[in-house]
Structures are given as C-alpha cells and as structure tokens.
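Enquirer: What follows is a predicted protein model with its sequence.
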2 protein chains.
Amino acid sequence: MTDAVSDRTIDEVVNALKYNDDGIIPAISQQHDTGEVLMMAWMNKDSVAETLKTGRVCYWSRSRQKLWRKGESSGQVQTLKEFRWDCDADTLLLQVHQEGVACHTGRRNCFFLAVRNDAIEEIAEVEIDPDELYG
Amino acid sequence: MTDAVSDRTIDEVVNALKYNDDGIIPAISQQHDTGEVLMMAWMNKDSVAETLKTGRVCYWSRSRQKLWRKGESSGQVQTLKEFRWDCDADTLLLQVHQEGVACHTGRRNCFFLAVRNDAIEEIAEVEIDPDELYG
C-alpha cells in the first residue's frame, strides 16, 4: 500500500461490502507480482478496517473467533498492495506481498492438492518446517 | 483438462472435500495461463463431480438453488485445466480457460472495484454489453 487510506474511505469500504450471516466475507489473497493465489480466509468489519488502516493483512479467525494478524506468530506477514472486491461485493481479492510462506504447512501457498494423472497429488513442496514457523 | 478422471477418483475427491453447513464449498477460478483471478462461486458435491467428469465448470447457484453450468445462458464457458484445493480442504482453486468474460457485468473478471487514491475506483472496463450476454 503506497498511499494512506482515510477513515472516511475506510468507512465507505466497510459499508460497501456484504457480509454473510456470521458477519464475515471471504478474502482471497494473491501475490501481487506473480499472480500466485496464496490462500483464502475470512474478514469481518474490524479486520477490513484494520487491514486498510495499517497496510498489514488482518483476517478474522473463525476457529479462534478473534482477529488474526497474519504472521503474528509465524512471522509470515502479508503486506497489502491493493484492496479489491467483486461485482456482488461479497468476496475480496487482496493483492499482497507475502513474506516467506502463506500456508501453515510451510508451503508457499495453500492450494497444493490437485487431480493429476487420475489421482490426488501433492503439487508443492514444504519450504519451511512448520516447527520452525510455530515452534 | 487433458486426461479423463475416473469415477473412482471423482468419488475420492468429492469425499476429501469439506463442505459448509449448507453442503457447499467456495471455488475460486483463475485463468490458467495469465494468473488472473476471475471470480469466486460455490460448488456442492454434484457440481464438483460434474465438473471433474465433463471438464466444464459447473457451480451451485445459491440464489437459484440449482446447478449452474457456467456460460449456459451467456456462452461464456469455463473449461477446466486443473482442479486444486487447499490444506484445509475447504476451498477450491480451479485453473480454467475462460471463454470471453467471467463477470455478468461484461467485465473480464469480477474484481473490478478497488481502493485507489483514497477512494473507491472501478479498475476494469466493460468488454461485452450485458444485454448481448443475456439478451
């Protein structure tokens, strides 16, 4: 994020988005310069506002029911490059710079399972030992 | 999709995925050769199976509560190149070839709203008049 976003614009964005019955919206993150889709997680109004305010991506953890500042325990932070959303205003697409790896398994992105050769295959290697990330 | 997927593998995939309380899973589609994120929609077990079987992307329409064969009314079909999913098995990432435009507004992809210059901006042009797509 090169430019600061004012509280007025943050309010405008928070109110433009449509949240589901749990008050959250899915957020896809994409490495801004390579196009690699890194992960999909969820945001609530507070995490949308914090992300726009700080330029550091903050999700809403459904399992822990709290703000999840990506990388706060692992160091693998996401810096916001551009905040986008779709025609229905019910899905976000975040252009980010991912420090290190996005996936808790230590892989660069979370989408490492695929159908290939009529079988389920793992198509990406672990780059950082998860023990190193969370140990 | 270059290779056929057997019923056995389709069953394996359908059962490997985790669906939400409504029996559906979010599916991101990405243009396979450019990395452009096109849209996000939802699939149920039947649409996952049909997509793998036919190589044409079929979603589940939440508003119409029926299978949604992408492009069936607009002609803007998605051909499956690779079927991927994530570490939690609760999000799909489809590598596709998108015929024409993915968005019902006539834009190439659905994510055309962005925060730029401390304001909400439209960052993509309409390429095909929606009246042409659905008229």
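Expert: Yep, it's here.
Enquirer: Please enumerate the helices of chain A.
Expert: Secondary structure of chain A (DSSP state H): helices at A:7-16, A:45-54, A:130-134.
Enquirer: now for these, which one comes closest to chain B?
Expert: Distance to chain B, taken as CB to the nearest CB, is lowest for helix A:7-16 among the helices of chain A, at 5.1 Å. In short, each C-beta sits where N, CA and C put it, glycine included.
Enquirer: Tell me which of the helices of chain A sits nearest to residue B:28.
Expert: Closest of the helices of chain A to residue B:28 is helix A:45-54, at 18.9 Å (criterion: CB to CB).
Enquirer: That closest one and chain B, are they touching?
Expert: Yes - contact of helix A:45-54 with chain B (CB under 8 Å from any CB of the partner chain) involves residue A:52.
Enquirer: can you state the direction angle for that helix and helix A:7-16?
Expert: Taking axes from the mean of the first three to the mean of the last three CA atoms, to 10 degrees, one finds helix A:45-54 and helix A:7-16 inclined to each other by 150 degrees.
Enquirer: buried stuff in helix A:45-54?
Expert: Buried residues in helix A:45-54, counting neighbours by 16 or more other CB atoms under 10 Å in any protein chain shown, are found at A:45, A:47-52.
Enquirer: Nearest to residue A:69, out of those: which one, please.
Expert: The closest of the buried residues of helix A:45-54, once distances to residue A:69 are taken by CB to CB, is residue A:50, at 8.0 Å.
Enquirer: I'd like the helices of chain A written out as JSON lines, with mean pLDDT added.
Expert: As requested, the helices of chain A are exported to JSON lines (pLDDT from 0 to 100):
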{"stretch": "helix A:7-16", "mean pLDDT": "98"}
{"stretch": "helix A:45-54", "mean pLDDT": "98"}
{"stretch": "helix A:130-134", "mean pLDDT": "91"}
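Enquirer: between these, which one is nearest to residue B:99?
Expert: helix A:7-16 (29.9 Å).
Enquirer: how about the closest one: buried residues?
Expert: Residues A:9-10, A:13 are the ones in helix A:7-16 that count as buried (16+ other CB under 10 Å).
Enquirer: I'd say residue A:58 and residue A:45 touch.
Expert: No - between residue A:58 and residue A:45 there is no contact under CB atoms under 8 Å: 11.5 Å.
Enquirer: Poorly predicted segments of chain A, please.
Expert: Scanning chain A for pLDDT under 70 picks out A:1-2.
Enquirer: For chain B, what's the nearest residue on it?
Expert: For chain A, CB to the nearest CB, closest residue to chain B: residue A:35, 2.5 Å.
Enquirer: List the backbone torsions phi and psi for residue A:20.
Expert: According to degrees, to the nearest 10, the main-chain angles of residue A:20 amount to phi -80, psi -170.
Enquirer: Can you tell me how far it is from residue B:20?
Expert: Remark: distance between residue A:20 and residue B:20 (CB to CB, to the nearest Å) = 10 Å.
Enquirer: One more: residue A:8?
Expert: For residue A:8, the distance to residue B:20 - CB to CB - is 35 Å.
Enquirer: repeat for residue A:85
Expert: 21 Å.
Enquirer: And for residue A:4?
Expert: Residue A:4 sits 36 Å away from residue B:20, taking CB to CB as the criterion.
Enquirer: now residue A:80
Expert: Between residue A:80 and residue B:20 the distance is 27 Å, computed by CB to CB.
Enquirer: which one of those two has more residues nearby?
Expert: More crowded of residue A:80 and residue B:20, by other CB atoms under 10 Å in any protein chain shown: residue A:80, with 21 against 11.
Enquirer: what sits opposite that one in the beta ladder?
Expert: Taking DSSP bridges, one finds residue A:96 as the beta-bridge partners of residue A:80.
Enquirer: so who does it touch?
Expert: Counting by CB atoms under 8 Å, 6 or more residues apart in numbering or on different chains, residue A:80 touches A:1, A:51-52, A:55-57, A:94-96.
Enquirer: Neighbour-wise, which one of those leads?
Expert: Among the contacts of residue A:80, residue A:51 has the most neighbours (other CB under 10 Å), with 27 neighbours.
Enquirer: Verify the stated contact: that one with residue A:81.
Expert: No - between residue A:51 and residue A:81 there is no contact under CB under 8 Å: 11.6 Å.
Enquirer: Kind regards, and thank you for your time.
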